[in-house]
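>>> Have a look; sequence and predicted model below, questions after that.
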There are 4 protein chains.
Amino acid sequence: MQTSKPRRARRKTREEKARETYLRILEAAAQVVGEDGYADSSISKITQLAGIAQGTFYNYFETRQQVFDALLPYMGEQMVEYIRTAVPADVQGAARETARLRAFFTYLNAHPVFYRILYEAEVFAPAAHAKHFQILVDGYRGALERAVARGEIEGYDAEELEAIIYILLSARAYLAMRYVRRADDGRSTVPEHVITAYEKLMTRGLYGKPDHA
Amino acid sequence: MQTSKPRRARRKTREEKARETYLRILEAAAQVVGEDGYADSSISKITQLAGIAQGTFYNYFETRQQVFDALLPYMGEQMVEYIRTAVPADVQGAARETARLRAFFTYLNAHPVFYRILYEAEVFAPAAHAKHFQILVDGYRGALERAVARGEIEGYDAEELEAIIYILLSARAYLAMRYVRRADDGRSTVPEHVITAYEKLMTRGLYGKPDHA
Amino acid sequence: MQTSKPRRARRKTREEKARETYLRILEAAAQVVGEDGYADSSISKITQLAGIAQGTFYNYFETRQQVFDALLPYMGEQMVEYIRTAVPADVQGAARETARLRAFFTYLNAHPVFYRILYEAEVFAPAAHAKHFQILVDGYRGALERAVARGEIEGYDAEELEAIIYILLSARAYLAMRYVRRADDGRSTVPEHVITAYEKLMTRGLYGKPDHA
Amino acid sequence: MQTSKPRRARRKTREEKARETYLRILEAAAQVVGEDGYADSSISKITQLAGIAQGTFYNYFETRQQVFDALLPYMGEQMVEYIRTAVPADVQGAARETARLRAFFTYLNAHPVFYRILYEAEVFAPAAHAKHFQILVDGYRGALERAVARGEIEGYDAEELEAIIYILLSARAYLAMRYVRRADDGRSTVPEHVITAYEKLMTRGLYGKPDHA
DNA sequence: GATGAATGAGTCTTCATTCAT
DNA sequence: AATGAATGAAGACTCATTCAT
């Protein structure tokens, strides 16, 4: 963003400042929604936390709903990115699944605010939620198809795999709901048996043998 | 409102009438929340639908939140009961799981109102949601423990089973979110491959072999 | 509204009180609009003057616009009635016209609030204004038709008479705009020559002879 | 924007550009007010239409009210000028009146924007409205005095003539309100009987004989 | 116990105006 | 002189809750 002319023209551009304000609003909104939930996130609270006037908000978003809709995409991307980098490329199969699960929990712990933003979005920002979900599903689909190609997964057709993806995502969410608790040290407190249970389900299924056997 | 049969002992007890009003409120609330969501369920809408005055509401509930909290227990019981009776006693193993899943979808289809009441409860009636969840978990625990006793399930300890329960419940919820659509004929429109995917996961797991193999 | 039973049941009915509140709001609105104009008539001002809470307003009107729309009908009726009774039945012809004009001015003087309510209505309560206008036009039409029947008016067909009515009403309005000034003693300060000018126009027209003569 | 003709002396004067911007604002304001009315004419709308920044506005006008006040004088002058040139110099007497009326209607049709600017001005730009009115009255006074001098008008003293002027102007306004409708071809759609009614009133008055006869 | 009018705190949103760049 | 971001006062409206009848 540096213009090449003035060797040390330091003052921020108007545009830069605007971008900054935009982000300040977004961050403030994330904070407030994360703590109080969408329903109790008034413009007043958000702008106050952002350190701007109420009116300023409306220079950046047309309605309150609009920030709500922007919130999940903004944070969701971070999360997806985090998981991607946190899971080593060479981990494969079910181990990859559990690694992803662990990474998800870790992210949640590190960003306690994200939980409500994500889970209340289904109610308060359904469009954003649907889109976020679609991104996750699409990402997963690719991963599972590669696993199929590698022969790690057998006996599921494409449609069934989609259903499976929904189950995997749901598991994530509910396990988080149940087990992730904010720890002051920021370390995941999800007990190890949750991970092993998940991994076992992935590898051997729940019921030893098909019941028609 | 007088029934013609019993010559006397006619008038309803004060208590009976009170009970009736209480239920009318509850039903109205269920209807309204089911259609508009908790956030848009004003006392005014509820009392109007119940055919009572706004003030009357406060003779039965202390706050709006209180009806919200009463809603899920009230309807959840019905659902649990429905599933119990819908699944034949002699179906066992993974087949039992899928039967339960089917029953759940069927119930949702038959009671479209229940969906929002249940899923928004996590946000708007967290206490009720937690309690409802606990009931489901407890019910499941018994069932799974019996399966373990019968030798249908092996290799999961008690803690792991709890995690599995969470996964099963989550799967239900998300699959419903994705696939249950209100059909006019009231029949479940959840595609069959969803059921089979679920069942396969239950029986063989997702990944063919433990990846450390 | 007196019930016949209780000889001296004095307390006001709920309904009576509601009616009273409704009228208090209407009167307050009339006062405020008359003084500050529609644009500056906030709900806050109105309710404050009416001595009620802001919320109470919305028990009687759904929107601010709704009071605005109710205002002119409410006051317009009074005005029409006043003019009717103020003009003796036996005054006929142009004299009747001038008597009506005088009565109008007198009413305006006595109800200074009415002026803005009426004239800003075209902008702020167009529906009400149109209706009010129609009532005036209809009233006038009857009167003029009777004058035609009596032979006092000749040479105007029905359509022309309607145009004339518009002119008469407009004259009223503009002359009021120009000449009616609030006098502390409440007496019309419209100078006599205004009346005579009007009367002359009614009787001999402005230009001595048709210009094609 | 460079015109090709004059080889040099090219750049617009600073003053010229300023004048240009000033007029652009005025035109934009006229457009906006004409379409949305004064009340809904925000600075934002006006500057947007004018193609300038909001802040720029305040280099040319101190307040919003100030443009509003400038609007009617700006456009009123055009109208007066139009009527003056549209009415042939040799038309006299009542025929001149009707010619002026026709011209007014034509102007209104050709400048649909003018209608609201003019009629809402009484409410939103009273000062401007009063001044505009005064100009019209003064113009009329001269005309009528000349008619008196020519003997076309008799029996009205100066004060009465002023009242008459108000009536004439009011008639214009209300007849326009009632009858002028925007026609796509831009031709006045005011029905002919309106003109004849007006002319009859001017020449013979409404009531055949003075009622004291 | 039922009623429904009254309350008033709280919300989102608009917009004229200011001012640093 | 132009810009456009920032401001904050003001306004309409909603709704859970109270309380006199």
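Alright, I've got the coordinates. Model, not experiment: these values are computed from the prediction. Numbers count the residues shown, from 1 in each chain, chains lettered A, B, ... in the order given.
>>> Tell me the buried residues in stretch A:91-103?
A:92-103 (16 or more other Cβ atoms under 10 Å in any protein chain shown). In short, each C-beta sits where N, CA and C put it, glycine included.
>>> For chain A, give the residue positioned nearest to DNA strand F.
Using Cβ to the nearest atom of the strand, residue A:55 is the residue of chain A that sits closest to DNA strand F, at 1.5 Å.
>>> And the helix or strand that that residue is a member of, what's buried?
Under the criterion of DSSP states H and E, residue A:55 resides in helix A:54-60. Neighbour-count burial for helix A:54-60, with 16+ other Cβ under 10 Å as criterion, is recorded at A:57, A:60.
>>> Identify the residues contacting it?
For helix A:54-60, the external contacting residues (Cβ atoms under 8 Å, 6 or more residues apart in numbering or on different chains) are A:21-22, A:25, A:43-44, A:46-47, A:50, A:67.
>>> Specify which member of those residues is nearest to chain C.
Closest approach between the contacts of helix A:54-60 and chain C, by Cβ to the nearest Cβ: residue A:44, at 19.0 Å.
>>> what does the model give that closest one for pLDDT?
For residue A:44, the pLDDT comes out at 96.
>>> Repeat that for residue A:17.
Per-residue pLDDT puts residue A:17 at 88.
>>> which helices and strands does whatever helix or strand it lives in pack with?
Assigned by DSSP H and E, residue A:17 belongs to helix A:14-36. Using 3 or more Cβ pairs under 8 Å, 6 or more residues apart in numbering or on different chains; DSSP states H and E, the elements in contact with helix A:14-36 are helix A:43-50, helix A:54-60, helix A:64-86, helix A:112-119.
>>> Highest mean neighbour count out of those helices?
Mean neighbour count (mean count of other Cβ atoms under 10 Å in any protein chain shown) peaks for helix A:112-119 among these, with a mean of 20.
>>> Which strands or helices does that one pack on?
Against helix A:112-119 (3+ Cβ pairs under 8 Å, 6+ apart) you get helix A:14-36, helix A:64-86, helix A:93-110, helix A:158-179.
>>> and the angle for it with helix A:158-179?
130 degrees (axes from the mean of the first three to the mean of the last three Cα atoms, to 10 degrees).
>>> mind giving me the domain split of chain A?
A:12-61, A:65-204 (automatic domain parsing).
>>> which stretch among those domains comes nearest residue D:113?
If you check each of the domains of chain A against residue D:113 by Cβ to Cβ, domain A:12-61 wins as the nearest, at 29.6 Å.
>>> hang on, the earlier thing: among the buried residues of stretch A:91-103, which are within reach of chain C?
Filtering the buried residues of stretch A:91-103 for proximity to chain C by Cβ under 8 Å from any Cβ of the partner chain leaves nothing.
>>> What parts of chain A come near DNA strand F?
Residues of chain A lying close to DNA strand F (Cβ under 7 Å from any atom of the strand) are A:14, A:17-18, A:21, A:52-56, A:58-60.
>>> Lowest pLDDT pick from these?
residue A:14 (78).
>>> For burial, what's the neighbour tally of that residue?
Residue A:14 has 8 neighbours, counted by other Cβ atoms under 10 Å in any protein chain shown.
>>> if I look at it, how far off is residue D:48?
Residue A:14 sits 19 Å away from residue D:48, going by Cβ to Cβ, to the nearest Å.
>>> and what of residue A:81?
39 Å.
>>> How about residue A:140?
Distance from residue A:140 to residue D:48, by Cβ to Cβ: 46 Å.
>>> Ok, residue A:24 next?
Distance from residue A:24 to residue D:48, by Cβ to Cβ: 27 Å.
>>> Low-confidence ranges, chain A, go.
A:1-12, A:181-188, A:207-213 (pLDDT under 70).
>>> near DNA strand E, which residues of it show up?
By the rule Cβ under 7 Å from any atom of the strand, the part of chain A lying against DNA strand E is A:11, A:14, A:40-44, A:54-55, A:57-58, A:62-65.
>>> of the residues you listed, closest to chain B?
For the residues of chain A next to DNA strand E, the nearest to chain B is residue A:40 (10.8 Å; Cβ to the nearest Cβ).
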